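Visitor: got a predicted structure here, sequence first:
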Amino acid sequence: MPVLKAENIIKVYREGNQAVQVLNGISLALERGEVVTLEGPSGSGKTTLLSILGCILTPSDGRVMIDDALVDPRRLAAIRRKYIGFVFQQFNLFPSLTAVENVEYALNIKGVKNHTAQDEAARALDAVGLAERKDFLPEDLSGGQKQRVAIARALAGNAAIILADEPTANLDSQTGGQILSLFRDLAKQKDRALLIVTHDPQVREISDRVLTIRDGKLT
Ligand SMILES: Nc1ncnc2c1ncn2[C@@H]1O[C@H](COP(=O)(O)OP(=O)(O)OP(=O)(O)O)[C@@H](O)[C@H]1O
């Protein structure tokens, strides 16, 4: 059974009396333990699709199922907290929190508190090779290290679905390559589904499958 399934997703953005249909009937399924690349030209709807799959946006039509249950638009935040981990191009770390506090904060939001959160955050940073820098602020970390913190944050709390939007876009290709193999290994270890939106050709190399979106459809 796929952990994530999208059926016939349509998304229309409205601005004033203009309507633009960005997604034109997208269906896909992600299995646990699978790493999938999503490619497509700029403006083709990749981020929109990722936001719908990640329960940030609701589709105009079509449905998303997680673990075979229909995603209820009234419960998006709760479903997102339970099932989804995100990694972004800009890392999106809180600048005033240390590495470990960034991960801990995300765990707190997921309902993991106190010592359990502290221990899990420390373990997650250890898994991405940052145990020695766990008390550093983001400004004292390199780009690759910041992305490791973001990966630790996405993986902590056992999200079954990890969605990444251009995770290597701000990294040099060597650092990007290292981050990608780590990301893949960690996702595979726990049988998570990992979907990566990217223009980076290196992502294909660590993926099981490549999806291409063009004019709002998968080709
Ligand atoms: N909130 C919004 N309101 C109106 N139009 C939007 C909105 N968000 C995105 N769009 C439009 O929808 C289209 C798809 O955008 P999206 O960001 O999903 O594409 P993308 O494939 O991720 O692009 P890129 O690779 O450049 O990040 C674009 O034409 C964009 O301008």
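Guide: Looks like it arrived, so ask away. Bear in mind that the values here come from a model prediction, so they are computed numbers and not experimental data. Numbering: from 1, shown residues only.
Visitor: can you show me the strands along this protein?
Guide: Taking DSSP state E as the criterion, the chain contains strands spanning 4-15, 18-30, 35-39, 61-66, 69-70, 84-88, 161-165, 193-197, 209-214, 217-218.
Visitor: could the ones you listed be laid out in a markdown table, adding distance to the ligand?
Guide: The C-beta positions use only the backbone N, C-alpha and C, and glycine is treated the same way. Shown next, in a markdown table, are the strands of the chain (distance: least, C-beta to the nearest ligand atom, whole Å):
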| stretch | distance to the ligand |
| --- | --- |
| strand 4-15 | 3 |
| strand 18-30 | 4 |
| strand 35-39 | 9 |
| strand 61-66 | 15 |
| strand 69-70 | 23 |
| strand 84-88 | 12 |
| strand 161-165 | 8 |
| strand 193-197 | 7 |
| strand 209-214 | 7 |
| strand 217-218 | 12 |
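Visitor: quick one: contacts for N158?
Guide: Residues near N158 by C-beta atoms under 8 Å, 6 or more residues apart in numbering: K190.
Visitor: how about it, phi and psi?
Guide: When quoted as degrees, to the nearest 10, the phi and psi of N158 stand at phi 60, psi 40.
Visitor: kindly report the same for R192.
Guide: Taking degrees, to the nearest 10, you get phi -90, psi 160 for the backbone angles of R192.
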